[in-house]
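[1] Show me how the following folds:
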Amino acid sequence: MSDTITASDTLPADTLSADEQAAEERDARGGAADWGKYILTRAGGALCSLVMVIILGFFAFRILPGDPAKSITSGRQVTPSQLAAIRHQYGLDQPTIVQFWKYLTDMLHGDLGTSYVYHEPVTQLIGERVGPTVLLTGSAALLSLVLGLWLGQHAAWKRNTTYDRVHTGIALIFWSVPTFWFGLILIFLFSGSLHLLPSGGMMTAGTSYSGFALVIDVARHLVLPVLSMTAVSYAGYLVIMRSSLLEEMNADYLTVARAKGLKEDDVRRHHAMPNALLPTITMIFMTLGGLIGGAVTVETVFSWPGLGYLTYQALSAPDFPVLQGTFVVFSGIVIIMNFLAEIIYRIIDPRLRK
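    Alright, predicted model coming up:
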């Protein structure tokens, strides 16, 4: 009996795999195109936001009361002609549209102008103050992130218990407290009453510490401002982490993990936590951007020599170039953090890629 040979029987074994490979290549090209389109769209939105910030940064501070020329000559007797000369020197006597055009052209060249008060380039002032601000906000962000996520996951896993109620209640109380008010309370307790920690500044005045002694001195000055920022910001992480983990509590994959005999701690750490962290990613980046801007009140209360304190001093002048520069920097950081949050969230969540 002769066997019937069909075309499919004579087809090479690797033909189907080649077709599959071609399909995968098409999917990869399509995925890369989607990624490129997504990034370009988000980057375009971020760029538009930055342009609006730059425009707003010029006009927003022109409505502030006060005469910069009089602030520059504060404490000195000057004649009207001298005030007019100062206004001419800084271009304050020019029409608003002329000042705006000069502001835009200088901004495109990376020139943020010269401070009316410090008589130094604004870029130099910002460069000198950005280090202390990053040290302060970075320390507060790291501490609040670790504390909030750790307490949030345990509060969710022990929901409706005394542990959950106490820690969630304390976090919500701190969240509702103004940062500057809490900072003043800390100064009163630890500096005024107990004399344990310095009340302000970054280093002890009149000292010339170096090496490890300098690190200790800066760390002592850092404790109170970091504590005031952490107490207010960690609550956001705790609440988001708790609510995200509660949504995962009754998921089927956790039931399967328990059926395999895994301990509750392993189920929480290795199965529930990775999925519950997804909504927290956006919160982390948005909070990082907000912490930089929120440092204005904390740095002012503790006289911390960062961008926030520089902004406060510029407001009292008013020092337009410094205000415009710090406003653009603060807003630009928030925009960049939001952009990174959208990109990273799409990377870690495969549902968004589909």
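
[2] As a check, name the ranges of all helices in the stretch 151-300 of the chain.
    Remark: helices assigned in the stretch 151-300 of the chain by DSSP state H, counting those that start in this stretch are 162-175, 179-186, 212-248, 252-259, 264-267, 273-276, 278-301.

[3] what does the second one rub up against?
    Outside of helix 179-186, the residues that reach it under the criterion Cβ atoms under 8 Å, 6 or more residues apart in numbering are 174, 224-225, 227-229, 231-232, 294, 297-298, 300-302. C-beta here means a position set from N, CA and C on the backbone, and glycine is covered the same way.

[4] now the fourth one
    When contacts are defined by Cβ under 8 Å, 6+ apart, helix 252-259 is touched by residues Glu248, Glu264, Asp266, Val267, His270, His271, Ala272.

[5] and the angle for that helix with helix 212-248?
    Counting by axes from the mean of the first three to the mean of the last three Cα atoms, to 10 degrees, helix 252-259 lies at 100 degrees to helix 212-248.

[6] what does the average pLDDT come to for helix 252-259?
    Mean pLDDT, helix 252-259: 76.

[7] Same question for the second one.
    Averaging pLDDT along helix 179-186 yields 88.

[8] in that helix, what counts as buried?
    Buried residues in helix 179-186, counting neighbours by 16 or more other Cβ atoms under 10 Å, are found at Thr179, Phe180, Phe182, Gly183, Leu184, Leu186.

[9] what distance separates that helix from the centre of its chain?
    On the basis of Cα atoms, centre = their mean, to the nearest Å, helix 179-186 sits 21 Å off its chain's mean C-alpha point.

[10] again, but for the last one
    What separates the centre of helix 278-301 from the centre of its chain is 4 Å, taken as Cα atoms, centre = their mean.

[11] What angle do helix 212-248 and it make with each other?
    Here helix 278-301 points in a direction 140 degrees away from that of helix 212-248 (the same axes, to 10 degrees).

[12] Can you pull out the low-pLDDT segments for the stretch 201-350 of the chain?
    Scanning the stretch 201-350 of the chain for pLDDT under 70 picks out the ranges 289-294, 349-350.

[13] Recalculate using a threshold of 90.
    Scanning the stretch 201-350 of the chain for pLDDT under 90 picks out 201-215, 217-218, 229-301, 303-350.

[14] if we can go back for a sec, what's the most distant pair in the contacts of helix 252-259?
    Using Cβ to Cβ, the two most remote members of those are Glu248 and Asp266, lying 14.6 Å apart.

[15] These two: which is more packed in?
    Glu248 (18 against 13; other Cβ atoms under 10 Å).

[16] Tell me which residues touch the more buried one, please.
    Going by Cβ under 8 Å, 6+ apart, Glu248 touches Leu254, Ala272, Asn275, Ala276.

[17] quick one on the thing from earlier: including distance to His109, could the helices of the stretch 151-300 of the chain go into JSON lines?
    As requested, the helices of the stretch 151-300 of the chain are exported to JSON lines (distance: least, Cβ to Cβ, whole Å):
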{"stretch": "helix 162-175", "distance to His109": "42"}
{"stretch": "helix 179-186", "distance to His109": "36"}
{"stretch": "helix 212-248", "distance to His109": "35"}
{"stretch": "helix 252-259", "distance to His109": "55"}
{"stretch": "helix 264-267", "distance to His109": "57"}
{"stretch": "helix 273-276", "distance to His109": "46"}
{"stretch": "helix 278-301", "distance to His109": "24"}
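
[18] Which one, of these, ends up nearest to Asp93?
    Across the helices of the stretch 151-300 of the chain, Asp93 has its closest neighbour in helix 278-301 (30.4 Å, Cβ to Cβ).

[19] Next, the angle helix 179-186 makes with the closest one.
    60 degrees.

[20] just checking, what packs against helix 278-301?
    Applying 3 or more Cβ pairs under 8 Å, 6 or more residues apart in numbering; DSSP states H and E, one finds that helix 278-301 contacts helix 122-157, helix 179-186, helix 212-248, helix 307-315, helix 320-348.

[21] Next, the angle from the first one to helix 307-315.
    It stands for helix 122-157. Using the same axes, to 10 degrees: helix 122-157 against helix 307-315 is 130 degrees.

[22] cool, and the longest one?
    Taking the same axes, to 10 degrees, one finds helix 212-248 and helix 307-315 inclined to each other by 100 degrees.

[23] Give the buried residues for helix 212-248.
    In helix 212-248, counting by 16+ other Cβ under 10 Å, buried: 217-218, 221-222, 224-242, 244-246, 248.

[24] And for the last one?
    Within helix 320-348, the residues that qualify as buried by neighbour count (16+ other Cβ under 10 Å) are 320-335, 337-342, 346.

[25] What angle do helix 122-157 and that helix make with each other?
    Put simply, helix 320-348 runs at 40 degrees to helix 122-157, going by the same axes, to 10 degrees.

[26] next one: the third one
    Using the same axes, to 10 degrees, the interaxial angle of helix 212-248 with respect to helix 122-157 works out to 50 degrees.
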